[in-house]
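> coords please:
(one chain, ligands or ions: 3)
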Amino acid sequence: MDPSPPDDERGILSDPRLQKLVEAILTLASGDLSARVEPSEAGDELDAVITGVNLLAEELHYVYIELEERVDERTAMLLRTQAELEQLAVTDVLTGLPNRSILSNIATRAAHETAVIMVDLDSFKEINDTLGHDTGDTVLVEVSRRLKSAVRGSDVVARLGGDEFAILIRDTTEQEAVQIARRALDALQENVSVGDVSVRATASMGVSVGPPDWPQRVRDADIAMYEAKSRGRNTIQIFRPDMLDATTERAKTAAELRTALQRDELELVYQPVVDLGSGHAVGVEALVRWNHPTRGVVMPGSFIPIAEDLGLIVDLGRSVLEQAIAQMGAWVDEAPDLPAFTVHVNLSATELRRPGLDRDIGSCLKTYGVHPSRLVLEITETVLMTRGSEEARMLGRLNDLGVSLQIDDFGTGYSSISYLRDLPAQTVKVDQSLISTIDSDPDQAQFVEAILHLISSAGLSAVVEGVETARQAELLRGMGCPYAQGFYFSRPVPPERVLEVLAGFSAARG
Ligand code: C2E
Ligand code: MG
Ligand code: MG
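Ligands and ions are numbered 1, 2, ... in the order given. Here you go, the predicted model:
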């Protein structure tokens, strides 16, 4: 038998197409998926195999390209996620600003004079408590945007947490740092609009400038910021070493305030509220004073905020309410013929959230035989911007008792007058800051007149506070403002002088 393969088989083996096909398969196997073999015109079985291999190569090529694209995509995704994670660790999620740790990192690398501006919002807690956390978040985002736009590209704005921000300025001078702080303060003057409310989001700022010692800069700026808070907020203070004493003083005040309550060191003085038409006094506002054993008379501005922080405000408020109501009982007994007048008591937001406040007031009024219509509770504007809240329900219950409610400091918080209509209050006290320039600034006078109109068209009665001159009183009377209060009429007086002062108003103006 001939051992050699049959003719046709030998024919295939010697066929140059087979050689090419083998080469192509080897190339494909090596990873080059572009190798192809041109089929011949014969169109025989070998050509069929060649076409099959070409198709397979084509298929492989596509699968490979797709795979490469997918790998690229996945790699890009992984890189993005990694970048996001890194970003998350150093930025604040809400505002996108760097956080405390990245700021201190940047600061420690500074080589020259460095400034830190500590920024703390003035009434963020109220915004959060009364308008909700979503509104609070919107305010924080807007504040961070404004702060960023107030500084230069090389300065760093960071959110340290809550409503606390910091600005880091490297290689600078005190003058420059203060300039930047002023711009930041200015940027926060315009109210922030959230839906149909307009929220005031001013801040207190403390500035510290010196060698790039980060912990020191932060500590000093913080102390200066507290000083700015205690000086009435919405202002800037530059750190001075003597401020350290003020901080110690504050801690001391806090400690002493606890015992002051037990020792009855809190006393009330009373300022008349005057009917501008008749000139008669129609009420008195109780204002608390701390009769300190060594410091003398301490004003509420320097201990009410501390009492709020310490949670002592509830006890303080209870004591003030009882004193004022008891005093009213005593006045009525002493001068039964004097025309009826009211006593106004300031109530803080915290007190309003205390369940049982209405019950306590009711029983206190009974104890001292005082008719509820004799009591007016003054509540600051910000607290009242709560519909359907715990506070709103408490206001309703207080109204049911027959006690009147007054919005205090109107014009310093939310500007939305449309809310006035919904409030269970009867009177609105326009803040002194609105009227202090009416005798010199006709535009401001017009503005105040418009506000007075709005108040009366909302069905409420207006009191203007802080009237200091005859001219202001005159202008307000001309605008149809029904009531006023201020040093021009009388400074706050101790309780034993109240009846005499009230009688004086009746006598002097008939
Ligand atoms: P407020 O309720 O707006 O009281 C008006 C403040 O303006 C009082 O200051 C008053 O003495 C002062 N004032 C009155 N007339 C004039 C004026 O013509 N010119 C100027 N420049 N000021 C005038 P005061 O007594 O220092 O009280 C400050 C704030 O402390 C009060 O503002 C009130 O928010 C708070 N406060 C006072 N007593 C109490 C209290 O018993 N409880 C609570 N929660 N807060 C109180
Ligand atoms: Mg008041
Ligand atoms: Mg006021």
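> close to ligand 2: what parts of the stretch 151-300 of the chain are there?
Contact residues, the stretch 151-300 of the chain versus ligand 2 (C-beta under 5 Å from the ion): none. Placement of C-beta: from N, CA and C, glycine included.
> switch to 8 Å and redo it
285, 287 (C-beta under 8 Å from the ion).
> what parts of the chain come near ligand 1?
For the chain, the contact set with ligand 1 under C-beta under 6 Å from any ligand atom comprises 271, 287-288, 299-301, 304, 317, 320, 346-348, 378, 408-409, 432, 465-468, 486-487, 492.
> of those residues, which are in range of ligand 3?
378, 408-409, 432, 465-466.
> out of the residues of the chain next to ligand 1, which end up buried?
271, 287-288, 300, 304, 317, 320, 346-348, 378, 408-409, 432, 465-467, 486, 492 (16 or more other C-beta atoms under 10 Å).
> mind checking which of these are in helices?
Counting by DSSP state H, those place 304, 317, 320, 432 in helices.
> correct me, but the first one touches G317?
No - using C-beta atoms under 8 Å, I304 and G317 do not qualify as a contacting pair, with a distance of 9.8 Å.
> anything in contact with each of these two?
Common contact partners of I304 and G317 (C-beta atoms under 8 Å, 6 or more residues apart in numbering): S348.
> and stretch 109-127 with ligand 3, contact?
No - Stretch 109-127 lies out of reach of ligand 3 by C-beta under 8 Å from the ion, never closer than 14.5 Å.
> name the strands paired with the strand or helix carrying V207 and say parallel or antiparallel.
Assigned by DSSP states H and E, V207 belongs to strand 203-210. Sheet pairing for strand 203-210, assigned by DSSP bridges, gives strand 114-121 (antiparallel), strand 236-238 (parallel).
> figure out which of those is closest to M394.
strand 114-121 (25.5 Å; C-beta to C-beta).
> can you name the next helix or strand after that closest one?
helix 124-131.
> between strand 203-210 and that following helix, find me the angle.
150 degrees (axes from the mean of the first three to the mean of the last three C-alpha atoms, to 10 degrees).
> surely G31 is within a helix?
No - G31 is assigned coil when assessed by DSSP: H, G, I helix; E, B strand; the rest coil, not a helix.
> F505 reaches L276, doesn't it?
No - using C-beta under 8 Å, F505 is not in contact with L276, being 11.7 Å away.
> on that earlier part again, just curious, which of the ones next to ligand 3 among the residues of the chain next to ligand 1 is nearest to ligand 1?
G466 (4.1 Å; C-beta to the nearest ligand atom).
> tell me the contacts of the closest one?
G466 sits next to 431-433, 435-436, 485-487 when contact means C-beta under 8 Å, 6+ apart.
> again, only using 6 Å
The neighbours of G466, taking C-beta atoms under 6 Å, 6 or more residues apart in numbering as the test, are 432, 486.
> measure whichever residue of the stretch 201-350 of the chain sits closest to ligand 2 to V284 for me?
Proximity of the stretch 201-350 of the chain to ligand 2 (C-beta to the ion) peaks at N346, 4.5 Å away. N346 sits 12 Å away from V284, going by C-beta to C-beta, to the nearest Å.
> check M118 too.
Look at M118 and V284: by C-beta to C-beta, they are 40 Å apart.
> check contacts around M205.
By C-beta under 6 Å, 6+ apart, the contact set of M205 is 117, 119, 181, 228, 236.
> who's it bridged to?
With DSSP bridges as the rule, M205 is bridged to V119, I236.
> please report the distance of the residue nearest to A445 when sequence neighbours are not counted from A484.
Excluding the flanking residues, the one nearest A445 by C-beta to C-beta, 6 or more residues apart in numbering is I438, at 4.3 Å. To A484, I438 is 12 Å away according to C-beta to C-beta.
> okay then, goodbye and thanks.
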